[in-house]
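Novice: Let's see this in three dimensions:
(one chain, ligands or ions: 2)
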Amino acid sequence: MLVIMNALTTEAEIERVKERIRELGYKDHHIQGQTNVAIALIGNKGTQDRIYLEGLPGVQQVIPISKPYKLASRETRQENTVVRVGGVAFGSGQVAMIAGPCAVETREQTIHIAKLVAEGGAVMMRGGAYKPRTSPYSFQGLGEPGLEILAEAREQTGLPVVTEVVDPGTAPLVAQYADMLQIGTRNMQNFTLLKEVGKLGMPVLLKRGMSANLDETLMSAEYLMSHGTSDVVVCERGVRTFGNHARNTLDVSIIPVFKRVSHLPIIVDPSHAAGDRLSVIPLGLAGVGAGADGLIVDVHHDPEHALVDGPQALLPEQFTELMDVLSRVTVALGKSLQVPAST
Ligand code: PEP
Ligand code: MN
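Specialist: Ligands and ions are numbered 1, 2, ... in the order given. Here you go, the predicted structure:
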């Protein structure tokens, strides 16, 4: 349920409602709307407690929320949430481009690619220092030295950094270096990790589980939000299907439905969906065409020698081509491509 306070309510009335929610055995969550304050009840089932809230001073309305996810639901918040990471805004109506290597391999490789994508118009950079790999024999990432390299790349380019967190133990360390924490597809339902990352209160890029449906994805966003972060960007990165012509099947159909049921921004990762650089540009355009608030793409200047996911990394000239096409496509959609804060 959601308690909507009237526009002229006082601090004391708001506090009284929160107290009553806690007396009923639930958690209260403050939501500052444009004109009204709303307070969500977390943990309740059904609407039997409605009568204990409706009569309190300052309460305008108590409305049931039909979805199992509450904080992530558009029933709780009608207007789009804009997630800000440094100067970058997701969900503002402008399309944001995140680009970089799949993994931080060396200082030279990462800084080279960071400069290249910054010059090409990316507003944020990506790169994994901790890599969740299917094989235990594959490169697992550089760990903390990789985070230091990412921090240096940010210093040199001004681009905020998103990087993956793979376990609760290293989450606080990653948070010291990153501007946004990424939860990968394999960890979307690692609830211990979601709780710990949520508590850090930082912006999170939550990748959809490779076999997760829409409700499951939003319940994972709800874990993050109910533990302390309000800044969640969801990422569609392809799901498992019987199709074997691509690494995953990019599910663009989730985007319009997601937008109807949630106020959170959603972006698309055409690189991990395609698994092949030849398909990345068309899939990225499909994502933006379907309403995505941004893209995250792998870029590498020497993909033949990349330690992770070389075949799907765009070459520098392909990245330029993608940005060029996107600048026109976004205009045709009545949007625009976000530009770096300094330009
Ligand atoms: C990544 O972005 O580096 C990654 C591992 O992606 P995913 O979790 O979507 O496979
Ligand atoms: Mn990858």
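Novice: all contacts plus neighbour counts: C-alpha atoms, from now on.
Specialist: Fine.
Novice: List the contacts of His29.
Specialist: Listed by Cα atoms under 8 Å, 6 or more residues apart in numbering, the contact partners of His29 are 39-42.
Novice: 7 Å instead?
Specialist: Taking Cα atoms under 7 Å, 6 or more residues apart in numbering, we find His29 in contact with 39-41.
Novice: Kindly report the same for Thr110.
Specialist: Counting by Cα under 7 Å, 6+ apart, Thr110 touches Val104.
Novice: okay, it: pLDDT?
Specialist: Here, the pLDDT recorded for Thr110 equals 98.
Novice: I'd like to know how far it sits from ligand 1.
Specialist: Per Cα to the nearest ligand atom, to the nearest Å, Thr110 is found 14 Å from ligand 1.
Novice: Then Gly284?
Specialist: Following Cα to the nearest ligand atom, the distance that separates Gly284 from ligand 1 is 14 Å.
Novice: swap in Lys67?
Specialist: 26 Å.
Novice: Repeat that for Ser135.
Specialist: 13 Å.
Novice: residues near that residue, how many?
Specialist: Around Ser135 sit 8 other residues, with neighbours defined as other Cα atoms under 10 Å.
Novice: where along the stretch 51-200 of the chain do the helices fall?
Specialist: 51-54, 107-120, 144-157, 171-177, 191-200 (DSSP state H, counting those that start in this stretch).
Novice: Which positions in the second one come out as buried?
Specialist: If I follow you right, that is helix 107-120. 109-111, 113-118, 120 (16 or more other Cα atoms under 10 Å).
Novice: quick one: which of these is nearest Glu304?
Specialist: Gln109 (12.9 Å; Cα to Cα).
Novice: Tell me how far the closest one lies from Cys102.
Specialist: Going from Gln109 to Cys102 by Cα to Cα, to the nearest Å gives 11 Å.
Novice: tell me the contacts of the residue of the stretch 1-150 of the chain found nearest ligand 1?
Specialist: Using Cα to the nearest ligand atom, the closest approach of the stretch 1-150 of the chain to ligand 1 is made by Cys102 at 5.0 Å. Each residue near Cys102 by Cα under 7 Å, 6+ apart is listed here: 127-128, 298, 308-309.
Novice: Then Ser262?
Specialist: With contact taken as Cα under 7 Å, 6+ apart, Ser262 is in contact with 72-74.
Novice: Using a markdown table, lay out these together with neighbour count and distance to Gln338.
Specialist: Output for these, formatted as a markdown table (neighbours: other Cα atoms under 10 Å; distance: Cα to Cα, whole Å):
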| residue | neighbour count | distance to Gln338 |
| --- | --- | --- |
| Ala72 | 26 | 25 |
| Ser73 | 23 | 26 |
| Arg74 | 21 | 25 |
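Novice: what residues are up against the nearest residue to Ala178 once chain neighbours are set aside?
Specialist: Distance criterion Cα to Cα, 6 or more residues apart in numbering; nearest residue to Ala178, sequence neighbours excluded, is Val161 at 5.5 Å. Residues in contact with Val161, defined by Cα under 7 Å, 6+ apart, are 124-126, 154, 178-180.
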